[in-house]
Structure formats: structure tokens, C-alpha cells
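Undergrad: Structural data only, the sequence is not supplied:
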């Protein structure tokens, strides 16, 4: 494969560029951030298309814009409506003036290869060009020292792939939204495979944890790519024993009061709080374990020992019970994450959602702590249908409120807020954005891939991404998505056609496929 760039002169570029119109403002005002142009006769333009003008000062440099509206202005005659009313219109196409409005993307700075905004005057009546696919490709991947992942081909021409900067994605996270059957899980699986492929190409050693609500991510394409990237293992959630971990004394004290039944205002509760605070003096993280209960007993006042011993015995039976089906501890799973490319937790095997949240909350807590303590440990956490884990309070509660509160504290208070800077980042999907805790959706919503969603979820989407997207999202057909991402070097929302690299396992087990006897 020849990686040498083709040398193209300025005059050759000019010959390749199609002039589609000229900048024209009816009120005589010209601004660099927005472009109004009238199309040349015989030319056409489509919504979302990218156009460009010459930079007013830099040679061989073009400023790119994205078309956001394509109105047609017609010079009106006073009698025209009367003719329309009697169904005798005079079409007279010579009075039609196709126009387009476009918003600035920026230009590629020759000195840094970064996309920068034009902050100076543009020339009135200057030519507007349709850039070549090669020019758009350079705009989409401006820096050769970055790793980019493709998310699909840009509508309407489908000539160029839209790329996201992996460095930015792994600093900010990703939120994929879509109603049932719109393709959001397919998009996430494709993103995972693409990330793994880019890691293989660039000699990176990825570590992903997939938290799979319905057991849909175990497709062969993902598994085989993960094996090439460093290894794959699927673990049923009911095979994992959970250990509760705490990073502050108040949370541990509250939990001990819950399971021991000690009244919060009693003398025994005050004694227990004092002991817990002593324990945290020398420990950043405390696990509920046999050793912890022994340490508490060793520090308790002699006059309270007998009463506390009975209470702690009951608590140990509740908290430290180990099921005979357990095959992995939380520490075992953490070790697998650090040694393999993908650890896939299948949550569909759990008897109750409480069981899932106990395991996942303990696991995420431990991952966060490991990342704080070990600067070489980094993990991308993929959560399918995140509203089942961290729902907005008072709207949706598939498990006990105490467990959801713990998950919110972990996902929002730790991972979504400060996880990325400490090597832990979230990629999440949801079919019901309105049910996701607002703080969580806002934190990971800097990079959005949106399929069609319910109207009630569009309102929440406006809060995250602005109202500009809503009209387009209502019209998206299956297989298309709107991408608004700071990881997109162009910085503009784009409609893309998705090209799946794999599909969730559920697509092979539909009602129709069962009727056909294909299962």
C-alpha cells in the first residue's frame, strides 16, 4: 500500500472544484460564521452538504461550511396568487432564485493541521465551491498523529466516512440513543469492534468491560476481534460474588446501621461511627469482610462488646454469605480486565435486578479504586441500557432504591465525573433518555450518536444537544443516525449512514425467525 500523499498544485485543485454559487446577502451584511449564497443556474445543493470558499488571506487554504437550509426565493408578482387560485399559474422559472444558508466549520491551519475558525471578513460575491472528497477527508482527519474511528458515511453523498478522535472519546465518553429496533445496540457493537481494530493497528492494548443487560453482545465478530486484540471472556453475572467497598466513613457507617438494626441516635451507633472513622484514618478503601468485623470488635468499648457482637453476627450472615454457584470474586474480574481486551458480563442470567446491581456496583467501585491506585490501569466501560442502572429519581426503579442510589453514586459521583481523567471512561446506550439520571446523560452527552427516539425523549435531548437536532432526528430512517460530537474534528452535527460490522444476538431470535424454524 502506497502511503505517499499525492502532490496537487493550487491550479489543479481549482480545476477540480465545482463552483456551485456565489456569496450574496440581500441586506448587504456578510459575516464569517454564516454564509448565504445564491446557486448558479444549473447547480444543486442538499441539506447537510459541505461547501467551501477561499480563505481571504491564506493561499491554497479553504474555509469549510455546512449547509443547514436551502430556501428558494421567488420574486413575487402582485397578481400571482390570483392566478394560483384559479389554477392558471405562470411558473416562469426565471424568477426562482435557489439559495443556501451554511454554518462555518473552519479551515485547516497549514502550520498545525488543526481545524480553526475564520475570524475575519469574507469577500462579498466570492465563489462557493463543492470540495473534492479528498479535501473533505483531510478535514475529517486533520492530524496524522491521532487515532480516529469511523462511525459511518456522511449523508447525502456517502462518499466520505465520519471520524471521531479516539483520544477525545476516551476522555469524554459516548452516549448512543435510540428507540427499540432502531439500531443503537448494533451501533455500539460496531463501535466496540472498530475501537478494537484501531487498537490492533496502532499496537495499543485495550481493556474493555461490557455490561450487557440482555446477553446480546456475544456475537462472533466481536469475540474474534477481541481475541486478536488481547483476549475475550464472557462471565455470567450470577457467577460473580460481590463485595461491598466504601471510600468514605459515613457511607460505611450507614450501611452497618442498616444491616445491624442499630438505632442511628443510640450510644452503640455513636461508638460504631467513632470506630469506622478510626479505620478510615489509614485506609482509602474499606471492604466489608471478615477482617473488617474483627477489627471493629477489637476497637469497641468493653462495656458494649456483648451487645455489638450479637448485632455483627447477624450482619456477617447477611453480608458475607457466599453462594455455591460463585466462580469469580470481584478481584478475579478486575484481574481479568487488566489481562484481556474484553471482559463481557452477561446480566441476563440473574434471578433479580437487585442481584445485578449488587455485583455491578461492587465491580465499578473496585475498578475506580484500582484506577486511582494503579496509574497503568485503564478501562473502557460499556453499559447497555444504562437507565436500568442509574435511572432518574422517582421515574423508574427496577431494583431497590438503595441499590440504585449506590449505582448513581458510583456512576455519577465517581466514574462519569472524574473517571476519565483517572483512566476510566463510559460508553453507554439507552432507549429511553428521559429515564436516565440527568447528570449522567449530561456528563457523557458531549459525544452523541442518535437514532430515532420517542417524542418524550426528544425533550431531554434538547437539554443536552440543543433544539437544532430535533427536526432531523424525527425523520431518520433505520440505519441512519445523527452524530453530534466534540470528538468530531469538524465540530458540526452530521447525519451518517451506519455500516454494521456485527449485529446483536437477538436479531437472530425474533418471533418471525422462530416461526420459520431458524432458531
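TA: Yep, it's here. Just so we're clear, the structure is a prediction, and the values are computed from it rather than from any experiment.

Undergrad: Let me see the domain layout of this protein.
TA: Domain ranges of the chain: 10-145, 161-231+340-515, per automatic domain parsing.

Undergrad: next one: the longest one to chain centre, how far?
TA: In terms of C-alpha atoms, centre = their mean, to the nearest Å, the centre of domain 161-231+340-515 is set 6 Å apart from its chain centre.

Undergrad: Start and end of that domain, how far apart?
TA: End-to-end distance of domain 161-231+340-515 (C-alpha to C-alpha, to the nearest Å): 38 Å.

Undergrad: winner for burial among the domains of the chain?
TA: domain 161-231+340-515 (a mean of 19; mean count of other C-beta atoms under 10 Å). Just so you know, the C-beta spots here come from the backbone N, C-alpha and C atoms, and that holds for glycine as well.

Undergrad: can you give me the strands for the stretch 51-200 of the chain?
TA: Ranges of strands within the stretch 51-200 of the chain are 62-69, 72-74, 96-108, 115-116, 127-130, 148-154, 161-165, 174-177, based on DSSP state E, counting those that start in this stretch.

Undergrad: want to try CSV for those, with mean pLDDT and distance to residue 460 as columns?
TA: Output for these, formatted as CSV (pLDDT from 0 to 100; distance: least, C-beta to C-beta, whole Å):
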stretch, mean pLDDT, distance to residue 460
strand 62-69, 93, 23
strand 72-74, 88, 35
strand 96-108, 94, 24
strand 115-116, 92, 30
strand 127-130, 96, 37
strand 148-154, 94, 22
strand 161-165, 95, 22
strand 174-177, 95, 9
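
Undergrad: ok, back up a step: among the domains of the chain, which is nearest residue 314?
TA: Residue 314 lies closest to domain 161-231+340-515 among these, at 18.0 Å (C-beta to C-beta).

Undergrad: circling back: format the domains of the chain as JSON lines; extra columns: distance to residue 266.
TA: Shown next, in JSON lines, are the domains of the chain (distance: least, C-beta to C-beta, whole Å):
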{"stretch": "domain 10-145", "distance to residue 266": "62"}
{"stretch": "domain 161-231+340-515", "distance to residue 266": "21"}
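
Undergrad: Select, out of those, the one closest to residue 292.
TA: domain 161-231+340-515 (14.5 Å).

Undergrad: Compile the strands of the stretch 51-200 of the chain into a markdown table and extend it with columns for distance to residue 403.
TA: Formatted as a markdown table, the strands of the stretch 51-200 of the chain follow (distance: least, C-beta to C-beta, whole Å):
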| stretch | distance to residue 403 |
| --- | --- |
| strand 62-69 | 45 |
| strand 72-74 | 57 |
| strand 96-108 | 45 |
| strand 115-116 | 44 |
| strand 127-130 | 55 |
| strand 148-154 | 34 |
| strand 161-165 | 33 |
| strand 174-177 | 23 |
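
Undergrad: out of the ones you listed, which comes closest to residue 232?
TA: strand 148-154 (19.3 Å).

Undergrad: elements contacting the closest one?
TA: Applying 3 or more C-beta pairs under 8 Å, 6 or more residues apart in numbering; DSSP states H and E, one finds that strand 148-154 contacts strand 161-165, helix 166-172, helix 184-201, strand 480-485, strand 494-497.

Undergrad: For residue 450, find the nearest of the ones you listed.
TA: It is, among the helices and strands packed on strand 148-154 and with distance given as C-beta to C-beta, strand 480-485, at 4.7 Å.

Undergrad: possible to save the helices and strands packed on strand 148-154 as TSV with distance to residue 129?
TA: Shown next, in TSV, are the helices and strands packed on strand 148-154 (distance: least, C-beta to C-beta, whole Å):
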stretch	distance to residue 129
strand 161-165	21
helix 166-172	29
helix 184-201	31
strand 480-485	24
strand 494-497	19
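
Undergrad: who wins for proximity to residue 48 among these?
TA: Using C-beta to C-beta, the helices and strands packed on strand 148-154 put strand 494-497 closest to residue 48, at 5.6 Å.

Undergrad: next helix or strand past the closest one?
TA: For strand 494-497, the succeeding helix or strand toward the C-terminus, using DSSP states H and E, is helix 511-515.

Undergrad: Quick check: residue 277 touching residue 249?
TA: Yes. Contact criterion C-beta atoms under 8 Å: residue 277 and residue 249 qualify, at 4.9 Å.

Undergrad: rewinding a little: please name whichever of the helices and strands packed on strand 148-154 is nearest to residue 338.
TA: Here helix 184-201 is closest among those (C-beta to C-beta), at 15.4 Å.
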